[in-house]
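**Q** Dropping the sequence and predicted coords here.
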Amino acid sequence: MSKLFHMQEPNLTFGYGQKLQDPRDGLMLFGPFTRNRIKGQVNIGIIGPERQRKYLKEYLIRIHKPIFPEVPDKARPYFPGLEAAFDIFINFDNLIERDISNSEIEKYLRYTDGHQRIHNITNLYTNPIEKYCNQEEMPVTVWFVIIPDNVYIYGRPKSHIPKADDNIKDGLRAKSRKLGQPFLFDDLNRMQEAYEFEVNFHHQLKAKLLTCKAVTQIMRESTIAYDQIWENDDRIKAERKFDTAKAWNITTTLYYKVGGIPWKLGYIREKVCYVGLVYKKTDTREDNTNACCAAQMFLDSGDGMVFRGNLGPWYNPTTKEYHLRKKDAYELLTQSLEAFKEKSGSYPDQIFIHARTNFNDDEWEGFSSAALGKATMVGIKIKSDGTFKIYRDYSYCVPRGTVLQVTEVQGYLWSRGFVPRLQTQMGLEIPNPLKIEITRGAVEFETVCKDILALTKLNYNACIFGDGLPVTLRFANSIGEVLTAGRNIKTDVLMFKHYI
């Protein structure tokens with residue numbers, strides 16, 4: 001069999017139970033879904049150098065007021081202001097600030113050893129936050145971590161800086177010693193710790209703060225103060241058209257991180273949960289099989305939790321796939337089921353497990369054992385596929401929501417494409433579809449496609465019409481990176497907001 005059809009754009013539910021397609025329309029007209037539960041003042045903290053904190057405070061004051069685009073654009077609507085859209089406002093009278101010495105940042109930025117450079121810079125931020133969490137009584141709901149652009153530029157794995165006069169020799173000595181074997185000198189022992197972490201500022205900072213459960217939002221100075229930093233007028237003018245989009249994204253993320261649900265799915269099958277599997281190799285060598293496994297579970301409310309599984313030889317270099325042992329699959333899904341029961345009062349009726357690879361018999365038996373007598377399971381394989389495209393004799397590409405079903409259990413879903421509400425297409429190129437396959441369990445293929453298309457609208461880290469991937473897989477790589485950013489990251493079951 002083979003058939004081509006189009007699915008209606010999923011609605012979202014906002015305040016007063018009202019439903020619309022576009023998150024920005026719904027928030028402007030009806031407010032967030034939890035408008036009666038989360039409202040009023042929000043206590044935040046700001047940490048960073050003095051100049052960058054000044055930029056951020058000015059920006060936070062600005063987004064309490066409307067922001068209009070220079071040219072009306074349906075794809076980038078005006079922003080009505082934080083309080084008007086979300087019914088919350090920042091408590092500027094009790095703003096918690098922690099200063100980071102710019103000279104200290106500049107000193108560490110000159111380190112040519114990436115491990116030492118990023119480890120020391122993240123500590124400048126994480127140590128004061130951890131100290132505040134452990135010693136102060138006034139709660140800080142969200143910490144805004146404001147960084148100079150150089151930290152972003154030189155805080156990534158492949159960043160390179162010109163050769164500098166730093167402690168590279170001592171760093172190499174610390175790195176050469178097997179981890180866990182102490183030196184006679186404390187300085188070298190402290191330096192050795194840097195090699196227990198990945199060279200990535202964002203992931204390392206998030207990983208170090210999992211223990212104290214601090215919620216953070218990392219901001220680049222050029223994101224909010226480009227017109228004060230840049231000198232090129234054409235560049236500033238080009239960036240200005242994104243002002244409303246930035247305001248929507250930042251405030252939506254803030255509302256979610258303070259405990260609110262901006263919107264939830266309009267079409268909800270009750271007592272259904274979605275689990276996305278997360279894998280990350282702990283060693284980038286191809287022949288190494290060790291990897292970390294975790295699961296993202298999303299409730300019918302739209303909120304999510306992250307469960308860390310065990311480290312193990314999950315990677316197969318031959319097939320380039322990840323698979324769990326029966327025991328580990330059982331433990332991981334059991335955690336998810338118990339968390340769902342704690343949140344909802346009972347087990348789900350149906351569990352959809354999303355992954356980028358097939359499920360082998362051993363791991364599926366483990367999942368099935370965990371769900372026995374509690375819920376039915378369906379295994380779904382989802383991958384971006386560039387094998388072929390669909391072209392139309394129109395100005396715009398194939399509509400978002402188009403489905404080509406090839407068999408009873410396999411087909412293609414275009415989660416990107418032309419959006420009538422926006423009168424434009426998502427992305428600049430002809431979109432690739434998602435290849436979807438029901439590999440385990442029994443369910444209607446169209447039902448699976450409806451769920452996946454709806455789950456592309458639950459990215460609370462951005463206020464956009466829809467995403468290219470369902471939220472179950474959208475953040476899989478970054479969550480895996482955070483969980484493996486350190487050698488022995490210890491964490492409880494935490495809400496999704498701690499990782500994004």
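**A** Received the coordinates, thanks.

**Q** would you list every one of the strands in the stretch 301-450 of the chain?
**A** For the stretch 301-450 of the chain, applying DSSP state E, counting those that start in this stretch gives strands covering 304-312, 315-316, 321-322, 350-355, 376-384, 402-405, 410-413, 418-419, 424-425, 434-440.

**Q** Parallel or antiparallel, list what pairs with the third one.
**A** When you say that, I think you mean strand 321-322. Strand 321-322 pairs in its sheet with strand 315-316 (antiparallel), by DSSP bridges.

**Q** re earlier: mean neighbour count, the strands of the stretch 301-450 of the chain: which tops it?
**A** Most buried of these, by mean neighbour count (mean count of other CB atoms under 10 Å): strand 350-355, with a mean of 24. Every residue, glycine included, has its C-beta placed from N, CA and C.

**Q** any idea of the angle that strand forms with strand 434-440?
**A** Interaxial angle of strand 350-355 relative to strand 434-440 (axes from the mean of the first three to the mean of the last three CA atoms, to 10 degrees): 130 degrees.

**Q** Rank the helices and strands of the chain by mean pLDDT and give me the bottom one.
**A** Every helix and strand of the chain was ranked by mean pLDDT, DSSP states H and E. The lowest is helix 168-176, at a mean of 46.

**Q** quick one, what contacts Ile353?
**A** Residues in contact with Ile353 (CB atoms under 8 Å, 6 or more residues apart in numbering) are Val275, Gly276, Leu277, Leu333, Phe359, Phe367, Met377, Val378, Gly379, Ile380, Arg440.

**Q** Go through those residues and say which is closest to Phe352.
**A** Nearest to Phe352, judged by CB to CB, of the contacts of Ile353 is Val378 at 5.1 Å.

**Q** The nearest residue to the closest one once chain neighbours are set aside - how many residues pack around it?
**A** Nearest residue to Val378, sequence neighbours excluded (CB to CB, 6 or more residues apart in numbering): Gly441, at 3.5 Å. Number of residues near Gly441 (other CB atoms under 10 Å) recorded here: 18.

**Q** Next one: Gly441, what pLDDT does it get?
**A** Predicted confidence (pLDDT) for Gly441: 92.

**Q** any idea how far Phe388 is from it?
**A** Using CB to CB, to the nearest Å, Gly441 is found at 27 Å from Phe388.

**Q** what do you get for Glu239?
**A** Glu239 is 36 Å from Phe388, by CB to CB.

**Q** between those two, who's got more neighbours?
**A** Each of Glu239 and Phe388 has its neighbours counted (other CB under 10 Å); Glu239 has more, 16 against 10.

**Q** Tell me which of the strands of the stretch 301-450 of the chain sits nearest to Lys281.
**A** Judging the strands of the stretch 301-450 of the chain by CB to CB, what sits closest to Lys281 is strand 315-316, at 5.8 Å.

**Q** Go ahead and name everything in contact with that closest one.
**A** Tyr279, Lys281, Asn288, Thr289, Asn290, Ala291, Glu321, Tyr322, His323.

**Q** so can I have a markdown table of the contacts of Ile353 showing distance to Ile146?
**A** Shown next, in a markdown table, are these (distance: CB to CB, whole Å):
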| residue | distance to Ile146 |
| --- | --- |
| Val275 | 35 |
| Gly276 | 31 |
| Leu277 | 34 |
| Leu333 | 39 |
| Phe359 | 43 |
| Phe367 | 42 |
| Met377 | 44 |
| Val378 | 43 |
| Gly379 | 42 |
| Ile380 | 39 |
| Arg440 | 46 |
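
**Q** Met28: which of these is nearest?
**A** The closest of the contacts of Ile353 to Met28 turns out to be Gly276 (CB to CB; 30.3 Å).

**Q** Now the closest one, what are its backbone angles?
**A** Dihedral pair for Gly276: phi -110, psi 130, per degrees, to the nearest 10.

**Q** so what's the closest residue to it other than its chain neighbours up against?
**A** In space, and not counting its chain neighbours, Gly276 is closest to Thr472: 3.1 Å by CB to CB, 6+ apart. By CB under 8 Å, 6+ apart, the residues touching Thr472 are Tyr274, Val275, Gly276, Gln296, Phe298, His354, Leu455.

**Q** my guess is the second one is in a helix, correct?
**A** This points to Val275. No. Per DSSP: H, G, I helix; E, B strand; the rest coil, Val275 lies outside any helix segment and is strand.

**Q** how close does it sit to Ile161?
**A** Taking CB to CB, one finds Val275 at 41 Å from Ile161.

**Q** more crowded one of those two?
**A** Legend: neighbour count by other CB under 10 Å for Val275 and Ile161, higher for Val275 (26 against 15).

**Q** Just the closest of the contacts of Thr472 to Pro128, please.
**A** Checking the contacts of Thr472 against Pro128 by CB to CB gives Gln296 as the nearest, at 29.6 Å.

**Q** Look at that closest one and give its secondary structure.
**A** Classification of Gln296 using three-state DSSP returns strand.

**Q** So it sits against Tyr279, correct?
**A** No. Assessed by CB atoms under 8 Å, Gln296 is found out of contact with Tyr279, at 11.8 Å.

**Q** Now do the shared contacts for those two.
**A** Here Gln296 and Tyr279 share the contacting residues Ala476, scored by CB under 8 Å, 6+ apart.

**Q** And the pLDDT at the nearest residue to Phe418 once chain neighbours are set aside?
**A** Ranked by CB to CB, 6+ apart and with sequence neighbours excluded, the top spatial neighbour of Phe418 is Tyr396, at 4.1 Å. Per-residue confidence (pLDDT) for Tyr396: 82.

**Q** For the closest residue to Thr357 other than its chain neighbours, give me its contacts.
**A** With sequence-adjacent residues excluded and distances taken as CB to CB, 6+ apart, Thr357 is closest to Glu321, at 4.1 Å. By CB under 8 Å, 6+ apart, Glu321 lies in contact with Tyr315, Thr357, Asn358.

**Q** quick one on the thing from earlier: okay, the contacts of strand 315-316 in a markdown table with pLDDT next?
**A** Shown next, in a markdown table, are these (pLDDT from 0 to 100):
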| residue | pLDDT |
| --- | --- |
| Tyr279 | 86 |
| Lys281 | 79 |
| Asn288 | 74 |
| Thr289 | 79 |
| Asn290 | 81 |
| Ala291 | 84 |
| Glu321 | 84 |
| Tyr322 | 87 |
| His323 | 88 |
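
**Q** And those, which is closest to Lys341?
**A** Comparing those against Lys341 with CB to CB picks out Tyr279 as the nearest, at 25.5 Å.

**Q** Show the contacting residues for that closest one.
**A** Ala291, Cys292, Cys293, Trp314, Tyr315, Tyr322, Ala476, Gly480.

**Q** Export the residues you listed as TSV, with columns for distance to Gly427.
**A** Formatted as TSV, those follow (distance: CB to CB, whole Å):
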residue	distance to Gly427
Ala291	31
Cys292	31
Cys293	31
Trp314	32
Tyr315	31
Tyr322	28
Ala476	20
Gly480	25
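
**Q** In PDB, could you pull the C-alpha coordinates for stretch 222-238?
**A** The C-alpha trace of stretch 222-238 is given here as PDB (Å, rounded to 0.1, in the frame of the first residue of the first chain):
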ATOM      1  CA  SER A 222      25.400  40.000  22.000                       C
ATOM      2  CA  THR A 223      22.000  38.300  22.100                       C
ATOM      3  CA  ILE A 224      20.600  41.100  24.200                       C
ATOM      4  CA  ALA A 225      22.900  44.100  23.700                       C
ATOM      5  CA  TYR A 226      24.200  43.700  20.100                       C
ATOM      6  CA  ASP A 227      23.300  47.400  19.300                       C
ATOM      7  CA  GLN A 228      25.700  48.500  22.100                       C
ATOM      8  CA  ILE A 229      28.500  46.100  21.200                       C
ATOM      9  CA  TRP A 230      28.600  46.000  17.400                       C
ATOM     10  CA  GLU A 231      29.700  48.900  15.200                       C
ATOM     11  CA  ASN A 232      28.500  47.800  11.800                       C
ATOM     12  CA  ASP A 233      25.100  49.500  11.200                       C
ATOM     13  CA  ASP A 234      24.000  47.000   8.500                       C
ATOM     14  CA  ARG A 235      24.700  44.100  10.800                       C
ATOM     15  CA  ILE A 236      22.700  45.800  13.600                       C
ATOM     16  CA  LYS A 237      19.800  46.500  11.300                       C
ATOM     17  CA  ALA A 238      19.800  42.900  10.100                       C
END
